[in-house]
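*Asks:* Coordinates only, no sequence provided:
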């Protein structure tokens, strides 16, 4: 098991739950990073005493540095700071839980510094999957999934003798707060309604992604790279109870599933302790108490983001980076009240259809595609 962690995005939902696991396992923290939440980051720094703290926002970083000048923790900012946190010498494992494709460069830096990576930043694999997987393979490091669905698949695959025996991956989706709604019913939904997730506690951006089902689309793309499976061998089923976190099907049509209460500390802890397992901070699952579980086909027509991600994955090239960049911008605009809920899907699909696709060979190509996607979204206002 690891002794010391660098946690990128320590003030977010995954980051704070990672620190719960750190407390339980009595691990050391080498670096902590945040975007703007310097109040919570200060509390974390004073408790865990990391060698390095990073505030991505440069103005906030100046204020934060002054606030903790009585400590021995160094303070950095911006992308350079994130990269240094991802390559801390003392860290055995880098937990990447930042939101958005800002996580791409630190992930590549961690892999090239031969750090194992516990991965909760799906946008990085969505935008630069081949680049990341090549770096991981080249440096012989582990890429350990933290998202509950990918952790479930990862756990199920532990019993697979040979890859040729795998038929498909089946990702479960909660369906979000708008399961069963029609396009007409979704025309005037509010940000508050979209943020009301039935099962999971997540940050605002990810919760909106769950409501549009963009989150599941991104997870399909992520699964393609994490597990080296072709897009046609990845399915989605809506499972409202969020007890089955995902499944795999073998060539003999046997299906293996991973179950547990909807609590992110289980997959976080497994990524940190892999391949070992320890007593969990999460309650025991009682199937008798659950009583029943339900399953439905996804509505690809109403939830256009899910369809858009499948299309982008089939196109290859930078299409997935375009889908992600367009979504990040549209998601933000919706949260700011500048576009409607349904326009998110329209803009993501529009970006895929209208931006020239090409094969990326470096990070700059991915960043170019992301920029074009964001410009497209803003041009449509």
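*Replies:* Yes, it's here. Keep in mind it's a predicted model, so treat the numbers as computed, not measured. Residues are numbered from 1 along each chain as shown.
*Asks:* what pLDDT does residue 201 get?
*Replies:* Residue 201 is assigned 60 on the pLDDT scale.
*Asks:* and if you look at residue 54?
*Replies:* At residue 54, pLDDT is 98.
*Asks:* Contact partners for it?
*Replies:* Residues near residue 54 by C-beta atoms under 8 Å, 6 or more residues apart in numbering: 31-34, 61, 75-77, 81-82, 84-85. (C-beta placed from N, C-alpha, C; glycine too.)
*Asks:* Tell me if it really is in a strand.
*Replies:* Yes - assignment of residue 54 by DSSP: H, G, I helix; E, B strand; the rest coil places it within a strand.
*Asks:* Which stretches in this protein count as strands?
*Replies:* Taking DSSP state E as the criterion, the chain carries its strands at 4-8, 28-34, 52-55, 74-77, 93-96, 116-119, 143-145, 166-173, 234-238, 244-250, 255-259.
*Asks:* And the average pLDDT for the shortest one is what?
*Replies:* The predicted model assigns strand 143-145 a mean pLDDT of 97.
*Asks:* May I have the strands that pair with that strand, each with its orientation?
*Replies:* When sheet partners are counted by DSSP bridges, strand 143-145 sits next to strand 116-119 (parallel).
*Asks:* which residues are contacting the strand it pairs with?
*Replies:* Here strand 116-119 makes contact (C-beta under 8 Å, 6+ apart) with 2, 92-96, 107, 110-111, 125, 136, 141-147, 226, 268, 271-272.
*Asks:* could you redo the last one with a cut-off of 7 Å?
*Replies:* Residues outside strand 116-119 that contact it (C-beta atoms under 7 Å, 6 or more residues apart in numbering): 92-96, 107, 110-111, 141-146, 271-272.
*Asks:* Which one of those residues is nearest to residue 319?
*Replies:* Checking the contacts of strand 116-119 against residue 319 by C-beta to C-beta gives residue 107 as the nearest, at 20.2 Å.
*Asks:* quick one: pLDDT of the closest one?
*Replies:* Note on residue 107: pLDDT of 97.
*Asks:* nearest residue to it other than its sequence neighbours?
*Replies:* The shortest distance from residue 107 to any non-neighbouring residue, by C-beta to C-beta, 6 or more residues apart in numbering, is to residue 124 (4.9 Å).
*Asks:* can you tell me how far that neighbour sits from residue 307?
*Replies:* As judged by C-beta to C-beta, to the nearest Å, residue 124 and residue 307 stand 23 Å apart.
*Asks:* between the two, who's got more neighbours?
*Replies:* When residue 124 and residue 307 are compared for neighbours, residue 124 comes out ahead with 28 against 19, by other C-beta atoms under 10 Å.
*Asks:* Helices along the stretch 101-250 of the chain, start to end?
*Replies:* Using DSSP state H, counting those that start in this stretch, the helices found in the stretch 101-250 of the chain span residues 104-112, 122-139, 148-157, 183-186, 191-194, 204-212, 214-226.
*Asks:* any idea how far the residue located most distally from the centre of the chain lies from residue 42?
*Replies:* Ranked by distance from the centre of the chain (C-alpha atoms, centre = their mean), the top residue is residue 70, with 34.5 Å. Distance, residue 70 to residue 42, by C-beta to C-beta: 11 Å.
*Asks:* Same check on residue 244?
*Replies:* 39 Å.
*Asks:* What of residue 335?
*Replies:* Distance from residue 335 to residue 42, counting by C-beta to C-beta: 26 Å.
*Asks:* In the chain, where is pLDDT below threshold?
*Replies:* Within the chain, the stretches with pLDDT under 70 are 198-201.
*Asks:* Near the nearest residue to residue 78 once chain neighbours are set aside, how many other residues are there?
*Replies:* Among residues not flanking residue 78 along the chain, residue 58 sits closest, at 5.9 Å (C-beta to C-beta, 6+ apart). Counted with other C-beta under 10 Å, residues neighbouring residue 58 total 11.
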